[in-house]
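A.B. asks: fold the following for me, if possible:
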Amino acid sequence: MTAFMRLFVLFLSANLTILFAQQPVAATVSTGALLSERGPTFRIADNQLPDPLTLIVYGDQRFTNPANVRQTNPRIRQWLVNQIAKEHPAAVIMNGDVPLAGNVADDYAVFASETKPWRDLQIHVFPALGNHELHGDPVQGLENWWKAFPEMRNRRWYSAQLGSRIYVIALDSDAALLPGSNQARWIEQQIDSLPSSVDFVIVSLHHPPVADVQQHIEVDHNPRPNEIALRDYLSKVARNSHARFLVSAGHIHNYERSVVDDVTYLVSGGGGAPPYFVERGPDDLYKSSMFPNYHYVKLTLDKDRLDGEMYRVENPEAVSLNVELKDSFDISVKQR
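C.D. replies: Got it, this is the predicted structure:
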């Protein structure tokens, strides 16, 4: 190599180093640290949890100024928060789109104010990133998310073991889930190192891996290749895992339930965002034609199964709101 070429390589290397150093830290995950984690990011012992263990999953709340009644329903949103508090769950798992606009810090201030009943009861909250969290400036959106959930700082995906039998994996469907991606490799490590005591894995993310395929409206909300890759991976690992899998997604502002290769898939996007009508296919196990479906899903751990119940707001226009049980299912412990 000539002296000129050596100087050119040194110059290029130095400038590339400066270029990469200038990339916004908030837009990345500490993938090296995450990929070295073989166990849960968070762990809560059995003796710190109620018996029976109850969880709530739901998404698409869009917390924002209550004066905004066009892009979310503040009355329903606030009422569901209080109704969930009455359930006294150990944790609330949120499927993304917690704020209306993630780059607006005030939206998280509204979230903090309206969910005070959860904090008063010391309910754990496990959110997943949605597309609204990255609305506008995604770097600012991530920073606001981490300020709202400081325990998640520098993480866009994470896991939590709740007692000995429940394992929660919260994913970022705004990032790659394709084979070989950092997130996919981290998921593989998490599943490969599941404690033998775990009976159920609850995967939470925003964009659904399985949903009713729409032909006429909201067709851009149909499952994407990114999440279909996760579905295909779970179909493979579910066959040999000692645990059973439940996937809870949002993005579609309605409720759906399907089972693919022994994995249960929920669409739970009824937290307050404008409802979406769904053309239901034959694989959707929820057959009701009632609309809209503002709701939450309650999961209760039993000795030999995980019980699921979908509670729907009976009449969103009523003076006095009420929920009705509209769907129920159970997932049995796998025989070992």
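
A.B. asks: quick one: end-to-end distance for stretch 143-152.
C.D. replies: Terminal residues of stretch 143-152 are spaced 11 Å apart (CA to CA, to the nearest Å).

A.B. asks: average model confidence for stretch 123-135?
C.D. replies: Stretch 123-135 comes out with an average pLDDT of 97.

A.B. asks: go on, stretch 96-103?
C.D. replies: For stretch 96-103, mean pLDDT is 98.

A.B. asks: who's residue 255 bridged to?
C.D. replies: In this entry, residue 255 is beta-bridged to residue 268, by DSSP bridges.

A.B. asks: how many neighbours does it have?
C.D. replies: Using other CB atoms under 10 Å, residue 255 has 26 neighbouring residues. C-betas here are computed from N, CA, C, even on glycine.

A.B. asks: need the contact list for it.
C.D. replies: With contact set as CB atoms under 8 Å, 6 or more residues apart in numbering, residue 255 has these partners: 266-270, 286, 293, 295, 297, 310, 312, 326-327.

A.B. asks: report the residue spans of this structure with pLDDT below the cut-off.
C.D. replies: Within the chain, the segments meeting pLDDT under 70 span 1-33, 35-36.

A.B. asks: what about the helices in it?
C.D. replies: Secondary structure of the chain, counting by DSSP state H: helices at 3-21, 31-36, 74-87, 105-114, 116-120, 138-148, 182-192, 225-238.

A.B. asks: among the ones you listed, which is nearest residue 159?
C.D. replies: When these are compared by CB to CB, helix 182-192 sits nearest residue 159, at 5.5 Å.

A.B. asks: that older thread, now the helices of the chain in a markdown table, with distance to residue 51?
C.D. replies: Converted to a markdown table, those look like this (distance: least, CB to CB, whole Å):
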| stretch | distance to residue 51 |
| --- | --- |
| helix 3-21 | 50 |
| helix 31-36 | 32 |
| helix 74-87 | 15 |
| helix 105-114 | 29 |
| helix 116-120 | 20 |
| helix 138-148 | 30 |
| helix 182-192 | 26 |
| helix 225-238 | 27 |
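
A.B. asks: so which of those helices comes closest to residue 55?
C.D. replies: Nearest of the helices of the chain (CB to CB): helix 74-87, 9.6 Å.

A.B. asks: I'd like to know which elements the closest one is packed against.
C.D. replies: Applying 3 or more CB pairs under 8 Å, 6 or more residues apart in numbering; DSSP states H and E, we find helix 74-87 packed against strand 54-58, helix 105-114, helix 116-120, strand 295-301, strand 305-313.

A.B. asks: picking that back up, and of the helices of the chain, who's closest to residue 319?
C.D. replies: Among these, helix 74-87 sits nearest to residue 319 (CB to CB), with 10.9 Å.

A.B. asks: any buried residues in the closest one, and which?
C.D. replies: For helix 74-87, the neighbour count (16 or more other CB atoms under 10 Å) marks 74, 76, 77, 78, 79, 80, 81, 83, 84, 85, 87 as buried.

A.B. asks: returning to that earlier point: most neighbours among the contacts of residue 255, please name it.
C.D. replies: residue 269 (33 neighbours).

A.B. asks: tell me which residues touch it, please.
C.D. replies: Contacts of residue 269 were listed using CB under 8 Å, 6+ apart, and they are 58-60, 95, 97, 249-255, 276.

A.B. asks: distance of it from residue 61?
C.D. replies: 9 Å (CB to CB, to the nearest Å).

A.B. asks: returning to that earlier point: give me whichever of the helices and strands packed on helix 74-87 is most buried.
C.D. replies: For the helices and strands packed on helix 74-87, the largest average neighbour count (mean count of other CB atoms under 10 Å) is found in strand 54-58, namely a mean of 24.

A.B. asks: what does that strand contact?
C.D. replies: 80, 84, 87-95, 162, 166, 202, 204, 248, 250, 266, 268-271, 295-301.

A.B. asks: just the angle between that strand and strand 295-301, please?
C.D. replies: Put simply, strand 54-58 runs at 150 degrees to strand 295-301, going by axes from the mean of the first three to the mean of the last three CA atoms, to 10 degrees.

A.B. asks: now strand 54-58, how far from the centre of its chain.
C.D. replies: Computed by CA atoms, centre = their mean, to the nearest Å, the separation of strand 54-58 from the middle of its chain amounts to 11 Å.

A.B. asks: for it, which strands pair with it and how are they oriented?
C.D. replies: By DSSP bridges, strand 54-58 pairs with strand 91-94 (parallel), strand 295-301 (antiparallel).
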